[in-house]
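Peer 1: got a sequence here, can you model it:
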Amino acid sequence: MGLGGTWDDAPYTAADIAHAEAAVEAALDIGITVFDHADIYRRGKSEAVFGELLGRAAGLRERIVLQTKCGIRQADGRRPGMYDLRSGHIVRCVEESLTRLRTDVIDVLLLHRPDPLADPQDTAKALASLHVQGLVRRFGVSNMSAAQIKELQDHLDLPLVADQLEMGLGSRDWVEAGVLVNTPAAAENGFPHGTVEYCRARGIQLQAWGALAQGRYTGPPGTAGPLDAPAAELVADLAERRRTTPETILLWWLQRHPARIAPVIGTSRPERIRACRDAVVREPELTHEEWYELWVAARGGPLP
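Peer 2: So this is what the prediction gives:
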């Protein structure tokens with residue numbers, strides 16, 4: 001999402017292409033080969049800049065997994081921002097993404113947000129057609145509950161392979177939902193309980209956006225706010241003990257969960273991408289106790 005320049009209609013520049021190239025090189029250097037896009041990022045310019053790189057680097061497309069999302073329509077004039085999972089819109093978005101990305105096929109297409117007006121049978125029809133045409137290899141969803149996934153899957157012969165959700169030490173509703181069952185605080189938790197378990201049981205990959213918490217726990221010492229400072233100090237301490245980076249500790253916290261969560265690191269800064277290297281090449285080295293210590297420190301109080 002950080003590639004492609006500004007969020008307005010201004011065209012991307014040579015500097016934006018160079019920035020994207022540096023980010024992609026950093027990712028490939030540490031073993032990252034999955035690149036996550038969405039048609040709305042920078043109003044399509046994120047995909048277009050990435051397409052520039054694919055056009056310039058011979059063999060790059062064959063080395064990577066290309067994932068993108070559709071289903072969000074940004075506000076345009078008097079039309080409000082909205083969600084649209086109608087079959088015609090999905091097909092049109094995929095065709096436009098293929099053009100911007102300069103590729104013949106999308107490896108994974110995610111439906112970006114639930115559309116309350118969508119007919120799941122109509123949505124599934126579009127996905128099946130895209131697969132038969134060879135335009136999309138696999139499908140998943142984003143920001144959807146277990147019930148929403150099941151409703152779509154009931155109309156689709158192809159298995160849904162991923163659900164991308166906000167998950168991380170800074171966004172803990174996904175893990176809190178399980179332990180707040182049968183407590184008054186459960187009503188305040190917005191995460192659909194059972195979604196993690198549903199995906200885990202069916203082999204649906206959980207992808208965590210916001211995994212690095214926008215730097216809340218990984219900045220220089222003393223820069224975290226008062227609510228985040230205890231967790232930030234613990235992250236820094238664990239990183240020193242494990243001879244790794246604070247970014248790795250945050251990703252390990254997700255990867256340590258038995259659901260085998262795949263973090264989406266989000267950043268386009270090469271130095272921060274490289275700081276995630278140990279999360280790619282090393283197994284999570286957090287003990288059971290350390291994982292809980294991080295959780296309690298981040299939530300600011302003991303577990304119920």
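Peer 1: now do the helices in this structure.
Peer 2: 14-29, 45-56, 60-63, 87-101, 120-132, 146-153, 173-179, 195-201, 229-241, 246-255, 270-274, 277-281, 288-299 (DSSP state H).
Peer 1: okay, these in JSON lines with distance to Ala208 next?
Peer 2: Every residue, glycine included, has its C-beta placed from N, CA and C. Shown next, in JSON lines, are these (distance: least, Cβ to Cβ, whole Å):
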{"stretch": "helix 14-29", "distance to Ala208": "17"}
{"stretch": "helix 45-56", "distance to Ala208": "19"}
{"stretch": "helix 60-63", "distance to Ala208": "23"}
{"stretch": "helix 87-101", "distance to Ala208": "23"}
{"stretch": "helix 120-132", "distance to Ala208": "23"}
{"stretch": "helix 146-153", "distance to Ala208": "16"}
{"stretch": "helix 173-179", "distance to Ala208": "8"}
{"stretch": "helix 195-201", "distance to Ala208": "11"}
{"stretch": "helix 229-241", "distance to Ala208": "16"}
{"stretch": "helix 246-255", "distance to Ala208": "5"}
{"stretch": "helix 270-274", "distance to Ala208": "16"}
{"stretch": "helix 277-281", "distance to Ala208": "12"}
{"stretch": "helix 288-299", "distance to Ala208": "15"}
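Peer 1: shaky segments in the stretch 51-200 of the chain?
Peer 2: Applying pLDDT under 70 to the stretch 51-200 of the chain flags no residue at all.
Peer 1: can you name the residues that contact Arg113?
Peer 2: By Cβ atoms under 8 Å, 6 or more residues apart in numbering, the residues touching Arg113 are Gly71, Ile72, Tyr83, Ser142, Asn143.
Peer 1: which residue packs closest to the spatially most central residue of the chain, ignoring adjacent ones?
Peer 2: By Cα atoms, centre = their mean, the chain has its centre lying nearest to Trp209, at 3.4 Å. Spatial nearest neighbour of Trp209, excluding adjacent residues (Cβ to Cβ, 6 or more residues apart in numbering): Val264 at 4.7 Å.
Peer 1: touching, the one you found and Ala211? I think so.
Peer 2: Yes. At 6.0 Å, Val264 counts as touching Ala211 under the criterion of Cβ atoms under 8 Å.
Peer 1: hmm, back to that, and which of the contacts of Arg113 is nearest to Pro302?
Peer 2: Closest approach to Pro302 among the contacts of Arg113 (Cβ to Cβ): Asn143, at 29.9 Å.
Peer 1: any idea how far Ile90 is from that closest one?
Peer 2: Asn143 sits 16 Å away from Ile90, taking Cβ to Cβ, to the nearest Å as the criterion.
Peer 1: again with Ile72
Peer 2: Separation of Ile72 from Ile90 (Cβ to Cβ) stands at 12 Å.
Peer 1: quick one, which of those two is more surrounded?
Peer 2: Ile90 (24 against 20; other Cβ atoms under 10 Å).
Peer 1: more neighbours: which of Val264 and Ala211?
Peer 2: Remark: of Val264 and Ala211, Ala211 carries more neighbours, 27 against 21, as counted by other Cβ under 10 Å.
Peer 1: my read is that the more buried one contacts Arg272, right?
Peer 2: No. Applying Cβ under 8 Å as the test, Ala211 and Arg272 come out as separate, 11.9 Å apart.
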